[in-house]
Structure formats: C-alpha cells, structure tokens
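Trainee: Turn this into a model:
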Amino acid sequence: MLRILIADGTPAAMQAERETFGIPPNASLFEAALRSQQPDIQCSPINVADGQDLPDGVSLRDFDGLMFSGSPLHIYDQVPEVTRQIDFARAAFTAGLPVWASCWGLQLATVALGGTVRRNPRGRELGVARAITATTPGRSHPLLATRPSVFDALCSHIDELEQLPPGAEVLAQNELCPIQALAVELPSGSILFGTQYHPEFTLSVAAGLIEMRAATLVAEGFGRDCAELVTMARDSARYTRSRNAATWPGAMVSAPKSWILSAVRPKSATGCGKRPRFPAHDITKPRATLRQISNPPPLTSAWLKRERPPMGGVLSLRLFGR
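Mentor: Numbers count the residues shown, from 1 in each chain. The predicted structure follows:
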C-alpha cells in the first residue's frame, strides 16, 4: 500500500472561511484525486502552515510520496505561516521522497530551492486556465504525455514563478502564465512534479472560490457587481452538478496518475533516496529568468466569452464549457 503525506498550506482559520463556501480541505481534494487511481492508497494530512508536526515516531521516510497543496498565502510575505512552510520544504527535499506540488505548493518549492515568486503583472487567473500548451520537453514528459498538447485546467492564482530554481525544466505554459508546469530534481535525487494550475480541483471548488472572492474580483474589474459574479458561480455549480460533472474532465485523473506511475511507484520499488527512472530529459539548464523563458503576447479578447474587463487579469466567464 502506498503511503502519501499531504502537506496542507492553508491555515485552519482561512480554511474555516473557505468551508462556508463549500470548499473542502486541500487534503480531501488530493485524497479523492489519488484514490480515483489507487483506491487503497493511504493519505496522511499535516497542516504545515499552522506548525503541525508529524506524530511521534513517524518520519518523512515512512512515506512513499509527499504532496504540497494550494494556499491563499503569498510566498513573499514574511509571516510564520509562510516561513515555517519554506523550512519544512527544504528539510523534506533531502528525504528522498518524490514530490507533487500544486499552485502554492509549486511556488513554495521554487522558493525553497532558490527561485523567486512575484505577483503576476498580467493579473489574476481564476476559473479555467485556457490553452495551456506543453513545451517541447513537456510533450514527452510523464506528467503530460497522456494529455493533449493544448488543454484547459482549473486554476486560482495571482502569483507566478519569476526565477526558476536551478535545474528546473518548464513543461507547460499559457498566455497569462509562462510557467504552468515544471519538473526539477531535488537535492536528494528524487523528482518534483509541479503545476501552477490545480489538477485536484473540482468544478464546485472553482465556483466556490469565485463566490468567496466576489468583492475582490469586482474591485479588480472582473464584473460589474458581486451579485453578478455570485450568480454566475452558483449557476455554473448547479449546471455541472445537474450533469453529474463534478470534476474537470481528465484533469484530476491524469496528473495524479502520472505522478503515481512515474515517481511514487519507482521510489517505492527502489527504496528511499534512490532516483526513479525517467525518460531522458535535460534538467540541468542554468538558472533562468521568466523573460528568458517566454515573452507572452498581450491578452486577447478570445480569452473571454465577454469583452475583457477594464482592469487586469483573466476570469474565464465560460467557466465550465457552457
């Protein structure tokens, strides 16, 4: 039986607010995604943001894999909820575990490994990240090999990777975010797969986030008023539930499956600390800045069902394929 440790990056106080909008804890989203591929998998959550420790007698090496969740925190804020997660990640990356990182988790890993993160100057990406495109190495990488070369995925972020950690390989990007997925070898020799989008999200979670942040989204120019955005979110959630479409087709299934098959199982078979086998990729590229990776063109109205709002960012108003 595979044992996965889930490091939750959302403080309990913030999660309590999220739950009033129907947003489950990060750990339960990850567990559902993993069990869709491996029903007998054993998941153990730990809230690193709040300083929760592993139980006495349990160490990182007792697990077959480690997952870092999303979070509403910002990695550049020097608060205890952030700094203790950076410290934990740096220690975890020496333990020999294969690692998965979603959104905040990817930003956390980037900083822990020597890269940098900034607020995205192109604005927020929320709802659906459109036209995520695999890079040349990404098309054959285990993370994306079973996906179309261009795809959509559920997302929620306003920060982006600015400077890659040493050795990182960009696997996917889109017009708003030049680093949507990457892989990097950790100090222990194991591998981290990370996405800026959220493969573990459900459509209901995406709708709940829009409703929760309605006032902020209006201030950022995404809608005329809160009622408009809340109605859109609720209608979208009802629409998908009525069609038994609780998850984004293919997204939640393929990413955890790729991670399990390509990283977790090889580690479990070869033993902790030994590097799993991967297709040949050059992940020894020198440190690079975002501008060296991509120079995204200006956003176009094709991104939106409606005319682009006057202020920055992209909220896909065609949220769920309607």
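Trainee: which stretch of helix or strand covers the residue lying closest to Gly9 once chain neighbours are set aside?
Mentor: Excluding the flanking residues, the one nearest Gly9 by C-beta to C-beta, 6 or more residues apart in numbering is Ser71, at 3.3 Å. For glycine as for every other residue, the C-beta is placed from the backbone atoms N, C-alpha and C. In the assignment (DSSP states H and E), Ser71 maps to no helix and no strand.
Trainee: isn't Ser71 right up against Thr10?
Mentor: Yes. Counting by C-beta atoms under 8 Å, Ser71 touches Thr10, with 4.8 Å between them.
Trainee: residues shared between the contacts of these two?
Mentor: Contact with both Ser71 and Thr10 is made by residues 26, 49, according to C-beta atoms under 8 Å, 6 or more residues apart in numbering.
Trainee: Measure how far the helix or strand in which Cys155 is found is from the centre of its chain, please.
Mentor: Using DSSP H and E, the element containing Cys155 is strand 150-157. Its chain's C-alpha centre and that of strand 150-157 lie 9 Å apart, by C-alpha atoms, centre = their mean, to the nearest Å.
Trainee: now what about the helix or strand following that strand, what contacts it?
Mentor: Counting by DSSP H and E, the next helix or strand C-terminal to strand 150-157 is strand 159-163. For strand 159-163, contacts defined as C-beta under 8 Å, 6+ apart pick out 74-76, 106-107, 110, 115-120, 177-179, 182, 196, 287-290.
Trainee: Check stretch 108-120 too.
Mentor: 9, 68, 71, 74-76, 85-86, 89-90, 93, 99, 101, 107, 157-166, 168, 176-177, 184, 186, 192, 194, 287.
Trainee: how much distance is there from that stretch to the middle of the chain?
Mentor: On C-alpha atoms, centre = their mean, the centre of stretch 108-120 falls 13 Å from that of its chain.
Trainee: Now do the buried residues in it.
Mentor: Neighbour-count burial for stretch 108-120 flags 108-113, 115-117, 120 (criterion: 16 or more other C-beta atoms under 10 Å).
Trainee: Among those, name the ones in helices.
Mentor: 108-112 (DSSP state H).
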